[in-house]
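> Return atomic coordinates for the entry below.
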Amino acid sequence: MPQVALVIAVDHPAFAGHFPGRPIVPGVVLLDLAQRAIEAASGVRLIGLSVAKFHRPVGPGEALLLDYELGGANARFEIRSGAHKVADGRFSVEQGASD
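All right, here's what the predicted structure looks like:
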């Protein structure tokens, strides 16, 4: 399964309002980073999100690792921080994009 490091700057603008006093990475930021990383690494175009589950919050500066697997019309992914699963799910792959 391919792996990609995900980097979220400690001064990312999302931290200012999410949440004051205890900043966490919004789920949409994690999904956006995962989508962009998979597309860049594999050359496929992801066109939708079939399912996503968030397992624990991510704070500023946490090192994240994305694992993904392409299979037919889907790209399964898992984001981890150390030994802890942060999020997982499945994107839809544009058909013909990887041919």
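> contact partners of the helix or strand hosting Arg76?
If you go by DSSP states H and E, Arg76 is part of strand 74-81. Judged by Cβ atoms under 8 Å, 6 or more residues apart in numbering, the contacts made with strand 74-81 from elsewhere in the structure are 6, 30, 34, 38, 42, 44, 46, 50, 56, 58, 62-69, 85-93. C-beta here means a position set from N, CA and C on the backbone, and glycine is covered the same way.
> and that strand, which strands flank it?
Strands that pair with strand 74-81, judged by DSSP bridges, come out as strand 64-71 (antiparallel), strand 84-93 (antiparallel).
> How about exporting it as CSV, limited to the C-alpha atoms?
Taking Å, rounded to 0.1, in the frame of the first residue of the first chain, the C-alpha atoms of strand 74-81 are listed here in CSV:
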residue,chain,number,x,y,z
ASN,A,74,-12.3,3.2,-5.5
ALA,A,75,-9.4,4.6,-3.6
ARG,A,76,-9.4,3.4,0.0
PHE,A,77,-7.4,5.5,2.5
GLU,A,78,-6.3,5.6,6.1
ILE,A,79,-4.6,8.5,7.9
ARG,A,80,-2.5,7.7,11.0
SER,A,81,-0.7,9.7,13.6
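> Report the buried residues of it.
Of the residues in strand 74-81, 75-81 count as buried by neighbour count, 16 or more other Cβ atoms under 10 Å.
> Helices of this protein, start to end?
Using DSSP state H, the helices found in the chain span residues 27-42.
> shaky segments in it?
Under the criterion of pLDDT under 70, the regions of the chain flagged as low confidence span 97-99.
> Tell me the spacing between the most centrally placed residue in the chain and Gly17.
In the chain, the residue lying closest to the centroid (Cα atoms, centre = their mean) is Ala34, at 2.8 Å. Counting by Cβ to Cβ, to the nearest Å, the gap between Ala34 and Gly17 amounts to 22 Å.
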